[in-house]
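Engineer: Fold the stuff below for me.
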Amino acid sequence: MVDVSVLILNYNTFQLTCACIKSIYSRTEGISFEIILIDNGSTECAPKRFKEKFPDIILEHV
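Structural biologist: Presented below is the predicted three-dimensional model:
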C-alpha cells in the first residue's frame, strides 16, 4: 500500500511534465508513493517516452 498517489494529467507538455516528475522524486524520500501519468492524446511526442525516462510510473493513454 502506498502513502500517496500523485496523478498528473499531460497534454503536449513533455518537458514540463518531466520536471514535475523529477520534483516529486526529489521530495518524497521516506514516503511510499506512486505516480500515475495520464496522457490526454498528446501529439508532441510518443507517451512511451515518459516510461523510458521514468520506468516506475504508471502510464495511461486517453
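Engineer: Next, give phi and psi for the residue positioned nearest the centre of the chain.
Structural biologist: Most central in the chain under CA atoms, centre = their mean is residue 37, positioned 4.1 Å from the mean C-alpha point. Torsion angles at residue 37 (phi, psi; degrees, to the nearest 10) stand at phi -110, psi 120.
Engineer: isn't it right next to residue 13, touching?
Structural biologist: No - look at residue 37 against residue 13 with CB atoms under 8 Å: they stay out of range, at 11.2 Å. All C-beta atoms are positioned from the backbone trio N, CA, C, and that covers glycine.
Engineer: and the residue nearest to the centre of the chain, bridged to which residues?
Structural biologist: Beta-bridge pairing of residue 37 under DSSP bridges involves residue 8, residue 59.
Engineer: which residues in this structure form helices?
Structural biologist: Ranges of helices within the chain are 14-26, 48-53, based on DSSP state H.
Engineer: so what's residue 54 up against?
Structural biologist: When contacts are counted by CB atoms under 8 Å, 6 or more residues apart in numbering, residue 54 is found next to 18, 21, 35.
Engineer: ok, how many other residues are close to the last one?
Structural biologist: A total of 20 residues lie near residue 35 under the criterion other CB atoms under 10 Å.
Engineer: again, but for the one 10 residues further on
Structural biologist: Close neighbours of residue 45, defined as other CB under 10 Å, add up to 12.
Engineer: For it, give me its contacts.
Structural biologist: Contact analysis of residue 45 by CB under 8 Å, 6+ apart lists residue 14.
Engineer: please renumber so the chain begins at 59
Structural biologist: Done: numbering now begins at 59, and the last item shifts to residue 103.
Engineer: tell me the pLDDT at it?
Structural biologist: Confidence at residue 103, expressed as pLDDT, is 94.
Engineer: can you check residue 59 too?
Structural biologist: So residue 59 comes in at 88 (pLDDT).
Engineer: And residue 120, by the same measure?
Structural biologist: At residue 120, pLDDT is 85.
Engineer: Do I have it right that it meets residue 96?
Structural biologist: Yes - between residue 120 and residue 96 a contact is recorded at 6.1 Å, counting by CB under 8 Å.
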